[in-house]
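Student: return atomic coordinates for the entry below.
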Amino acid sequence: MNLLFQLAMVVCTSGSCSSSIVSSPLGTNGTTQASVDLVELNHFLDDHGREVFRQVVFYDWSRKSKQFEVRAWRLVKHPSQLPRPQHLGEGFMVRWQDKYITREVIAKTMRETYSQEDPERINRNILPENERRPLWPAAD
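Tutor: Alright, predicted model coming up:
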């Protein structure tokens, strides 16, 4: 399989803020990678404080609204999908298998929360789902 290397970059108009989407050639190692500003590991709790599910929520900082906006989220189905520190303190990585593709998201920072409200759903009030910038191009 010979797929072209894809690179898309969004650069904030002022300051040093930048975000990028990078896909490696799938013919080589079957891995695609994206970058975000923040990953949140959220533990959703029931009324008795018991964990119902864990999810990772991926955010980028919006200079326009001056807050984090959700780009994507996913349920944690296995401990191997939890955010983990990168080598030499270069952020945090979340990795999972999506059919024949390994997906990796690298975040500059990470936070862990425990809540009875879904942060991804709350963030829809700031940026509706249909206006979010996807982690990967639609063809991926």
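
Student: how close does Leu135 sit to Ser80?
Tutor: Distance of Leu135 to Ser80, computed by Cβ to Cβ, to the nearest Å: 19 Å. For glycine as for every other residue, the C-beta is placed from the backbone atoms N, C-alpha and C.

Student: what about those two, which has more around it?
Tutor: Shown here are Leu135 and Ser80; by other Cβ atoms under 10 Å, Leu135 has more neighbours (18 against 11).

Student: what bridges to the nearest residue to the more buried one once chain neighbours are set aside?
Tutor: Distances taken as Cβ to Cβ, 6 or more residues apart in numbering place Ala34 nearest to Leu135, at 4.2 Å, with adjacent residues excluded. Per DSSP bridges, the residues bridged to Ala34 are Ile21, Val105.

Student: and for Ala34, the neighbour number?
Tutor: 23.

Student: could you do Asp37 as well?
Tutor: Neighbour tally, Asp37, other Cβ under 10 Å: 19.

Student: and the next element down the chain from the helix or strand hosting it?
Tutor: Secondary structure from DSSP states H and E places Asp37 in strand 31-45. Past strand 31-45, further along toward the C-terminus, the next helix or strand under DSSP H and E is strand 51-62.

Student: ok, residues contacting that next one?
Tutor: With Cβ atoms under 8 Å, 6 or more residues apart in numbering as the test, strand 51-62 has contacts from 17, 19, 34, 36-46, 67-76, 81-83, 94, 105, 107, 118-120, 123, 127, 133, 135.
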